[in-house]
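Undergrad: I would like to see how this sequence folds:
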Amino acid sequence: MDPERLSPERLASYHAYTRKHSVNWPMYCVARALLLPFFLVYFRLDRRGREYGKAKGGVIVAANHRSFLDPFVVGACLPWRRPMNYMAKVELFERRWQGWMLSRLGAFPVRRGESDEESMLTARMIAERGGAVCVFPEGTRIRRGTLADPKRGVGRLALQTGAVVIPTAVLGTEHVRRGWAIRPRKCKVRLGPPMTFPRAEEPSPALAETVTARIWPNVLLQWEDLGGLPPMRRAAVIGAGSWGTAVAVLLARGGLEVQLGARTTDRVEELIEDGENRRYLPGVPLPEQIDVRPASAIELAGLDLICLAIPSKQLPQAVGAIADRVSSRSAVLMLTKGLISPQGQLPSDYVGERVRARAIACLGGPAHAREAVSGSAALVLGSADEELRVQIGEVFDKAGLVCERSRDVTGVEMAGAAKNAAALAAAAAEPHGLNAAGIAVAAIWRECIDHAVARGADPDTFAGLAGVGDLTATMMAPAGRNRRAGELLGTGTPAAEIPGKIGQASEGLDTAPILAEAVASSGVEADALASLAALIRGDCDVEEWIATLRRVERERQAA
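TA: Next up, the predicted model:
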């Protein structure tokens, strides 16, 4: 902001005008007479709880903030003779004519991101003289997803003034503006029952925090009553392997109540007794918010999020067991990496066709369980639903993860399936030379990218965390199941014996034959994948497979 354009004197003049006059009454009446019919017709403004706006004495309207339009639609819910003042970011007052207009219509400047005592004093003076002042406890506009956590200023103001607090929710205003266009979108405002608090001249920060914590749930109540997206509160993770356990721990750290579903009762008792998953994730204690139980006993009704941490080969059976118990208000997060037999469907597509969830997301990237719970991991969250990306992303952000958001679900899931096959092939080829391993990875990766792009994926996804990032981490992990499976496969161990030897399923072994068939059926050349599938089936030995890879590479170079 240019200090010459908004001098301290001019800034102080806006506060002085609001403290003395509140609004310019003629301008306020004209603006309201023009805007209210426009709001009712163009935005089909739905005003609920207007009777609560008639509370006597000073009033603090505590509202969520979605759009520049919020102060105007909220003010339209109060009686004509009760003009509402509100805080607006100081940048809006830079232009002299705009600042003058805003101040006459009830706005006064606030410096966001810092303790602005002048603004707090102005708000306090308005409420103490019996006026109405609107504050947005979130501190900034939250355009998508659930509401953000509030700042304690609203609690401090309520205590200092003793004014009535009206919890208020606004929904739909975030869809009104696109660029300079103002679109006719349905907007809703709901005022809740007034709240009162005893007056305290100089409340402590802890007391202000406590009062804010009492106000905000009532704002959330109005928000959810309007149909706003509720915050995630309860989740379940089905599958208590290393990655399922890690995600359960992360969700608990993100503030959710979590049920962790294990396969058998004996396994549940083992996890509860140990207080950790010693078999797959030793040394990581399970937080108190995690309720371990058999997967069949998971209470799916009322859950906000259901995470499926199940190998691709077992996913159809697991989905069949829960499909009719999943609520249409629940979201599903896929932790499975691979393709589903026999048609080679992506996990999210398979589940989406069988479960009536409100939305589906997937988690990709270098998913190393121990690094994730240590807070040093970066992952990719993919979903076509923007609000779900925001919801789950916020939970993982709170848990300490670096969480990249993507709308390219096909790319994220195809990259996850491709890296399993490529990492398996690299480990199997390595005993025959690093060059052979490099040829195997490059050929399989290229075929998978061509197939994914044909299915609508963004090739950039394969160049990022979900693709190259995940592939690199998988190939370098010395104890990774795909690497161990590949090493055994490369030494001649039959594929059927490998899961028993490594103690876990290998997604690469399960996925590669399905992936080869899916790629070939899409019209993309899949010679490298087909030869890997033949090795897994036992139709060729390792030497024949390596020879096929070299032949395919020579033919490609000659083409």
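Undergrad: and whatever helix or strand Ala252 lives in, which residues are buried?
TA: When secondary structure is defined by DSSP states H and E, Ala252 falls within helix 242-253. Within helix 242-253, the residues scored as buried using 16 or more other CB atoms under 10 Å are 242-253. In short, each C-beta sits where N, CA and C put it, glycine included.
Undergrad: residues in contact with Arg66?
TA: The contact partners of Arg66, by CB atoms under 8 Å, 6 or more residues apart in numbering, come to 141-143, 170-174.
Undergrad: C-terminal to the longest strand belonging to the chain, what's the next element?
TA: Once the chain is assigned using DSSP state E, the strand that runs over the most residues is strand 164-171. Where DSSP H and E defines the elements, the next helix or strand beyond strand 164-171 is strand 177-178.
Undergrad: ok, that following strand: who's next to it in the sheet?
TA: In the sheet, strand 177-178 lines up against strand 181-182 (antiparallel) (DSSP bridges).
Undergrad: quick one: the helices in the stretch 401-550 of the chain?
TA: According to DSSP state H, counting those that start in this stretch, the stretch 401-550 of the chain carries its helices in the segments 409-429, 434-454, 459-462, 470-476, 481-490, 498-502, 507-521, 527-537, 542-558.
Undergrad: how about residues contacting the helix or strand of the chain with the lowest mean pLDDT?
TA: For the chain, the helix or strand with the lowest mean confidence is helix 542-558, at a mean of 86 (criterion: mean pLDDT, DSSP states H and E). With contact meaning CB under 8 Å, 6+ apart, helix 542-558 is reached by 428-429, 431-432, 436, 439-440, 443, 489-492, 527-528, 531-532, 534-535, 540.
Undergrad: go with 10 Å
TA: By CB atoms under 10 Å, 6 or more residues apart in numbering, the residues outside helix 542-558 that reach it are 425, 428-429, 431-433, 435-440, 442-444, 446-447, 489-492, 525, 527-528, 530-532, 534-536, 539-541.
Undergrad: drop anything exposed from those.
TA: Neighbour counting by 16+ other CB under 10 Å classes 425, 428-429, 432, 436-437, 439-440, 442-444, 446-447, 489-490, 525, 527-528, 530-532, 534-536, 540 among the contacts of helix 542-558 as buried.
Undergrad: ok, how many other residues are close to Arg143?
TA: For Arg143, the number of neighbouring residues by other CB atoms under 10 Å comes to 14.
Undergrad: any idea which element it lies in?
TA: No secondary structure element spans Arg143, as it lies outside all helices and strands (assigned by DSSP H and E).
Undergrad: nearest residue to it in space, please, no chain neighbours.
TA: Distance criterion CB to CB, 6 or more residues apart in numbering; nearest residue to Arg143, sequence neighbours excluded, is Glu174 at 4.7 Å.
Undergrad: okay, now the one you found: neighbour count?
TA: Going by other CB under 10 Å, the residues that sit close to Glu174 add up to 18.
Undergrad: does it really touch Asp70, like I thought?
TA: Yes: under the criterion of CB atoms under 10 Å, Glu174 lies in contact with Asp70, with a separation of 9.3 Å.
Undergrad: compare the helices of the stretch 401-550 of the chain and give me the one nearest Cys29.
TA: Of all these, helix 409-429 sits nearest to Cys29, with 51.9 Å by CB to CB.
Undergrad: got the angle for that closest one vs helix 434-454?
TA: Using axes from the mean of the first three to the mean of the last three CA atoms, to 10 degrees, one finds that helix 409-429 and helix 434-454 are set 160 degrees apart in direction.
Undergrad: list the buried ones in the least confident helix or strand of the chain?
TA: Of the residues in helix 542-558, 542, 545-546, 548-549, 552-553 count as buried by neighbour count, 16+ other CB under 10 Å.
Undergrad: how big is the angle separating that helix from helix 481-490?
TA: Orientation check (the same axes, to 10 degrees): helix 542-558 against helix 481-490 gives 110 degrees.
Undergrad: can you show me the CA trace of helix 542-558 as PDB?
TA: As requested, the backbone C-alpha atoms of helix 542-558 are provided in PDB (Å, rounded to 0.1, in the frame of the first residue of the first chain):
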ATOM      1  CA  VAL A 542      14.300 -63.500 -16.500                       C
ATOM      2  CA  GLU A 543      16.900 -63.800 -19.200                       C
ATOM      3  CA  GLU A 544      14.100 -63.900 -21.900                       C
ATOM      4  CA  TRP A 545      12.400 -60.900 -20.300                       C
ATOM      5  CA  ILE A 546      15.600 -58.900 -20.400                       C
ATOM      6  CA  ALA A 547      16.200 -59.800 -24.000                       C
ATOM      7  CA  THR A 548      12.700 -58.700 -24.900                       C
ATOM      8  CA  LEU A 549      13.200 -55.300 -23.200                       C
ATOM      9  CA  ARG A 550      16.400 -54.800 -25.200                       C
ATOM     10  CA  ARG A 551      14.700 -55.800 -28.400                       C
ATOM     11  CA  VAL A 552      11.800 -53.500 -27.800                       C
ATOM     12  CA  GLU A 553      14.200 -50.600 -27.100                       C
ATOM     13  CA  ARG A 554      16.100 -51.200 -30.300                       C
ATOM     14  CA  GLU A 555      12.900 -51.400 -32.300                       C
ATOM     15  CA  ARG A 556      11.700 -48.100 -30.800                       C
ATOM     16  CA  GLN A 557      15.000 -46.400 -31.600                       C
ATOM     17  CA  ALA A 558      14.900 -47.700 -35.200                       C
END
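Undergrad: so what's the gap between it and the chain middle?
TA: In this view, helix 542-558 has its centroid 43 Å away from the chain centroid, taken as CA atoms, centre = their mean, to the nearest Å.
Undergrad: same question for stretch 109-127.
TA: Taking the mean of its C-alpha atoms, stretch 109-127 sits 32 Å from the chain's own mean (CA atoms, centre = their mean).
Undergrad: and if you look at stretch 189-202?
TA: Averaging C-alpha coordinates over stretch 189-202 and over its chain gives two centres that are 31 Å apart (CA atoms, centre = their mean).
Undergrad: and what of stretch 237-253?
TA: For stretch 237-253, the distance between its averaged C-alpha position and the chain's averaged C-alpha position is 16 Å (CA atoms, centre = their mean).
Undergrad: report the buried residues of stretch 228-237.
TA: Across stretch 228-237, burial judged by 16+ other CB under 10 Å covers 228-229, 231-232, 234-237.
Undergrad: burial check on the nearest residue to Thr493 once chain neighbours are set aside, number of neighbours?
TA: Closest residue to Thr493 apart from its sequence neighbours, by CB to CB, 6+ apart: Lys501 at 7.0 Å. Burial measure for Lys501: 11 neighbouring residues, criterion other CB under 10 Å.
Undergrad: going forward, the N-terminal residue is numbered 8.
TA: Renumbered: residue one is now 8, and that last one reads Lys508.
Undergrad: does Lys508 touch Thr498 like I think?
TA: No: counting by CB under 10 Å, Lys508 sits too far from Thr498 to count as a contact (11.0 Å).
Undergrad: quick check: Gly474 touching Ala480?
TA: No: the pair Gly474 / Ala480 is not scored as a contact, 11.2 Å apart, by CB under 10 Å.
Undergrad: neighbour count winner among these two?
TA: Neighbours per residue (other CB under 10 Å) separate Gly474 from Ala480, with Gly474 holding more: 29 against 19.
Undergrad: so what's the more buried one closest to, chain neighbours aside?
TA: Of all residues beyond its chain neighbours, the one nearest Gly474 is Ala422 (4.0 Å), with distances taken as CB to CB, 6+ apart.
Undergrad: repeat for Gly497
TA: In space, not counting the residues next to it along the chain, Gly497 is nearest to Ala435; the distance is 3.6 Å by CB to CB, 6+ apart.
Undergrad: got the contact list for that neighbour?
TA: Neighbouring residues of Ala435 by CB under 10 Å, 6+ apart: 443-444, 447, 490, 492-498, 515, 539, 542-543, 549, 552-553.
Undergrad: try it again with 7 Å
TA: 493, 496-497, 549 (CB atoms under 7 Å, 6 or more residues apart in numbering).
Undergrad: sorry, back to before: in ChimeraX, how would I select just the buried ones from the contacts of Arg73?
TA: ChimeraX command restricting these to the buried ones, with burial defined by 16+ other CB under 10 Å:
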select :148,149,177,178,179,180,181
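Undergrad: having no further points to raise, I will conclude here.
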